[in-house]
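K.L.:
what's the 3D shape of this:
(one chain, ligands or ions: 1)
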Amino acid sequence: MKALFFSILTIAAFSLSFKIDSGNVTEKFKVYGNCSMCKERIEKALMVKGVKYAYWDEKSEEATVKFNPEVVTLDQLHKNVAAVGHDTDLVKADDKVYENLHSCCKYKRPAKIGSN
Ligand SMILES: [Cu+2]
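P.N.:
Sure, this is the predicted structure:
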């Protein structure tokens, strides 16, 4: 009985420390885009140091990113995506960068960005 208790305790302690050690968070946010070319561009812009996983869904126009917030901030990830021409729900891409996107990638831009 005692042995069982300790093995449960060990497993619990191990899984807890694993969570702290990895330190990653997963965030989802809106990234405007159209096609598979956009997907490639968006995911490439997101895969920076500190990012473990980046996925952009063409249908929902939603990015899912798993990252270490001590290495890269969510704010920075939004900026990285905007820098390659894609508006997010927080950061608007530069008009010039947007204009230079491939014609099939010229997604419909949102009327307003953020809560202002
Ligand atoms: Cu595209």
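K.L.:
going by C-alpha atoms from here, please, whenever you check contacts or count neighbours.
P.N.:
Will do.
K.L.:
spell out which parts of this structure neighbour the ion.
P.N.:
Asn34, Cys35, Met37, Cys38, Cys105 (Cα under 5 Å from the ion).
K.L.:
so which of the residues you listed sit within helices?
P.N.:
Met37, Cys38 (DSSP state H).
K.L.:
tabulate the residues of the chain next to the ion (JSON lines), appending distance to Lys92.
P.N.:
Shown next, in JSON lines, are the residues of the chain next to the ion (distance: Cα to Cα, whole Å):
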{"residue": "Asn34", "distance to Lys92": "16"}
{"residue": "Cys35", "distance to Lys92": "19"}
{"residue": "Met37", "distance to Lys92": "19"}
{"residue": "Cys38", "distance to Lys92": "16"}
{"residue": "Cys105", "distance to Lys92": "16"}
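K.L.:
would you mind giving me the PyMOL syntax to select the buried ones in the residues of the chain next to the ion?
P.N.:
Buried members of the residues of the chain next to the ion, defined by 16 or more other Cα atoms under 10 Å, are picked up in PyMOL with:
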select buried, resi 34+35+38+105
